[in-house]
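Asks: Here is my input, please return the structure:
(one chain, ligands or ions: 2)
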Amino acid sequence: MSANKELIENLFKANRRSVARSISIVENDNSDSSALLKKIHSNIGQAYRIGITGPPGAGKSTITNQLTKHYRKLNKKVGIIAVDPTSPFTGGALLGDRIRMNEIGIDEGVFIRSMATRGSLGGLSKKAIDASDVLDAAGFDLIILETVGVGQSELDIAQAADTTIVVLVPESGDSVQAMKAGLMEIADFFVLNKSDRPGSEQAIASLQTILMMKDHDEKTWMPKIIKTIASENKGILEIAGEIERHKTFMNENNFFIQKRESQTKIRIKEIVESKIRKQIWSESGEKFLNSSLEKVVLGDLSPYYIAEEIILDFINRNN
Ligand SMILES: Nc1nc2c(ncn2[C@@H]2O[C@H](COP(=O)(O)OP(=O)(O)O)[C@@H](O)[C@H]2O)c(=O)[nH]1
Ligand SMILES: [Mg+2]
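Replies: Ligands and ions are numbered 1, 2, ... in the order given. Next comes the predicted model:
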């Protein structure tokens, strides 16, 4: 399926099948996806992108679900991309997500898509950003990106979102882990979910202590901590309010454009590198590499010599 005119016209009309098909195209990440993304670009930029990350089981899907219901009441259309690097087999469709699908998935104003990584995290943020562009072009007002906070993925989400929310739970050690994982740097605010559980006040206090150590003045954004019980729909309005407050702050200070520009810079670099990587390891590059291995191992040729030959061959092929 290529990025033909009919598909794009239907995508702009938010036709569900066309949205799904377009996301499949960008997931394949080939020349068709580049063509599609180029054609839809002038239609994007209206959607607000919310990233939700945190450890498995923290309540990210429950929050996404409740937040979506809130936005639907305001007649906003919501696109959801659930990125789950931990479930390569289910395609991210875990039990909780299936329940969510039943509740809000049949609503015409909601579109849910799960993405799994199949081993590579780096390419995932790229695909999630591309898929967000598709949803943006289809006229979704809000895009929620839910990613499990393991390894690098939670840091990638800040690259895709306008507002990044880090969800934690009262269990001890979470805030220390948050520090380690660099979550403090990416959180525009924190949600302490499951605050019906013991230890929530203590968890907030220790998180607060860590936050206070950061430099801040009236011009910089100070991440807050919002207490929620998502399963009981408690604190969801406060989350929506804080998203709005962050959005306003970013707009008023001209930070919004600056943030999108710096995200765009990283995105374009990633696209360039991914395209070059693909081309370099085309048939002839791979063949030359394989035929050189023995000579390198036996000490006849340096790996640097081979690498430079491969680069030269790549340049010559593209001249
Ligand atoms: N006690 C309690 N359980 C919750 C709360 N929010 C979500 N849960 C439950 O925690 C489990 C994991 O939630 P889920 O949203 O799937 O977590 P995710 O892995 O971060 O997406 C589910 O069984 C939820 O019903 C909460 O505030 N309190
Ligand atoms: Mg989830």
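Asks: The helix or strand containing Ile144 pairs with which strands, and in what direction?
Replies: Using DSSP states H and E, Ile144 falls within strand 142-148. Using DSSP bridges, strand 142-148 pairs in its sheet with strand 48-54 (parallel), strand 78-83 (parallel).
Asks: List of residues touching that strand?
Replies: 47-56, 60-61, 64, 67-68, 71, 76-86, 128, 132, 135-136, 153-154, 156-157, 160-161 (Cβ atoms under 8 Å, 6 or more residues apart in numbering). C-beta coordinates here come from the backbone N, C-alpha and C atoms, glycine included.
Asks: so which of those also contact ligand 1?
Replies: 54, 56, 60-61 (Cβ under 6 Å from any ligand atom).
Asks: is ligand 1 contacted by the strand holding Ile144?
Replies: No: Strand 142-148 lies out of reach of ligand 1 by Cβ under 6 Å from any ligand atom, never closer than 6.6 Å.
Asks: Quick one: distance of that strand to the chain centre.
Replies: Relative to its chain's centre, strand 142-148 lies at 6 Å (Cα atoms, centre = their mean, to the nearest Å).
Asks: quick one: low-confidence parts of the protein?
Replies: 1-3, 84-103, 105, 117-124, 149-155, 172-181, 215-218 (pLDDT under 70).
Asks: for it, what's the longest helix?
Replies: Ordering each helix of the chain by length in residues (DSSP state H) puts helix 255-280 first.
Asks: and the angle for it with strand 48-54?
Replies: 70 degrees (axes from the mean of the first three to the mean of the last three Cα atoms, to 10 degrees).
Asks: and helix 255-280, what other elements does it pack with?
Replies: Helices and strands touching helix 255-280, by 3 or more Cβ pairs under 8 Å, 6 or more residues apart in numbering; DSSP states H and E, are helix 122-137, helix 153-160, helix 236-252, helix 303-317.
Asks: Nearest spatial neighbour of Ser33, chain-adjacent residues omitted?
Replies: Val26 (4.5 Å; Cβ to Cβ, 6 or more residues apart in numbering).
Asks: So among the ones next to ligand 1 among the contacts of strand 142-148, which ones count as buried?
Replies: Neighbour-count burial (16 or more other Cβ atoms under 10 Å) is assigned, among those, to 54, 60-61.
Asks: With distance to Lys5 added, can I get those residues in JSON lines?
Replies: Shown next, in JSON lines, are these (distance: Cβ to Cβ, whole Å):
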{"residue": "Gly54", "distance to Lys5": "41"}
{"residue": "Lys60", "distance to Lys5": "37"}
{"residue": "Ser61", "distance to Lys5": "36"}
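Asks: Can you lay out these as CSV showing distance to ligand 2?
Replies: Rendered in CSV, the data for those read as follows (distance: Cβ to the ion, whole Å):
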residue, distance to ligand 2
Gly54, 9
Lys60, 5
Ser61, 3
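Asks: Around ligand 1, which positions in the stretch 51-200 of the chain sit nearby?
Replies: 54, 56-62, 96, 193-194, 196-197.
Asks: how does it look with 5 Å?
Replies: Counting by Cβ under 5 Å from any ligand atom, the positions of the stretch 51-200 of the chain adjacent to ligand 1 are 56-62, 96, 193-194.
Asks: Of those, keep whichever come out buried.
Replies: Here, 16+ other Cβ under 10 Å leaves 58-62, 96, 193-194 buried among those.
Asks: So which of those is the closest to Lys275?
Replies: For these, the minimum distance to Lys275 (Cβ to Cβ) is 32.2 Å, reached by Lys60.
Asks: Might you report the residue contacts of the closest one?
Replies: Applying Cβ under 8 Å, 6+ apart, the residues contacting Lys60 are 52-54, 146, 148, 167.
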